[in-house]
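Predicted model and sequence follow; I will ask about them next.
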Amino acid sequence: MKAQKKYRLVFLLNVAQRAVQRWKETRGDALPALSAAQAGTMFFLSTNDGALTGEVAQALNIGAPAMSGLAARLEKAGYLTRAQDPNDGRAFRLYQTEEGRLAGQRAKAGLGALNARLTQGFSDEEMAIVGRWLESVVENFSAEGTGKHEK
């Protein structure tokens, strides 16, 4: 078996995250006021309005308690409403308000500049590999995936 080349991936992920965070802090006027989780919720609801809270949590890769708090904050801000599911009295469905829809659109527009900066100098094929790699990191380290690929 060929020796695997040693990469400084953990170090580079941390440095990259800090660089992106610094860029966001200095370009605050260009970015949305929503947090990443809030924007993700609005993005998901823009095509799945009325989704169950569990469906949104799964799409965002967060737990039920975190989703409950996130939905409460978004409801308080006027971005969504929660309604009891007619088929399951324990479940809630989330609906975007007009203000939430507009906030999601602003977030999408604001994040366009950041995504353009992140992909600058890379082909679509290269970015597909980066995306696939990042998705595998999430899968391999998510609660469901822990130990999945370990031997």
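Sure, I can see it.

low-confidence ranges in the protein?
Counting by pLDDT under 70, the chain has low-confidence residues at 1-5, 28-32, 143-151.

Now with 90, please.
1-10, 19-36, 61, 89-90, 106-115, 117, 138-151 (pLDDT under 90).

neighbouring strands for the strand ranked longest in it, and are they parallel or not?
Determined from DSSP state E, the single longest strand within the chain is strand 88-96. Strand pairing for strand 88-96, determined by DSSP bridges: strand 51-52 (antiparallel), strand 80-85 (antiparallel).

May I see the buried residues of the longest one?
By neighbour count with 16 or more other CB atoms under 10 Å, strand 80-85 contains the buried residues Leu80. Every C-beta, even on glycine, is put in place using the N, C-alpha and C of the backbone.

What lies in contact with that strand?
By CB atoms under 8 Å, 6 or more residues apart in numbering, the residues outside strand 80-85 that reach it are 41, 45, 52-53, 71, 74-75, 91-97, 100.

repeat that for 7 Å
45, 52, 71, 74-75, 91-97, 100 (CB atoms under 7 Å, 6 or more residues apart in numbering).

With the shortest one instead?
For strand 51-52, contacts defined as CB under 7 Å, 6+ apart pick out Phe44, Leu45, Asp85, Ala91, Arg93, Leu94.

Please indicate which of the residues you listed are buried?
Buried residues within these, counting neighbours by 16+ other CB under 10 Å: Phe44, Leu45, Arg93, Leu94.

Closest to the centroid, which residue in this protein?
Gly40 (4.7 Å; CA atoms, centre = their mean).

wait, it sits on Asn61?
No. The pair Gly40 / Asn61 is not scored as a contact, 9.2 Å apart, by CB atoms under 7 Å.

about what we covered before: in space, what's closest to the residue nearest to the centre of the chain - neighbours in sequence excluded?
Once flanking residues are discounted, Gly40 sits nearest to Leu60: 5.0 Å by CB to CB, 6 or more residues apart in numbering.

Could I get the contacting residues of the one you found?
Ala37, Gly40, Thr41.

Roughly how far does the first one sit from Asn115?
What it means is Ala37. Remark: distance between Ala37 and Asn115 (CB to CB, to the nearest Å) = 17 Å.

Looking at these two, which has the bigger crowd around it?
Shown here are Ala37 and Asn115; by other CB atoms under 10 Å, Ala37 has more neighbours (18 against 11).
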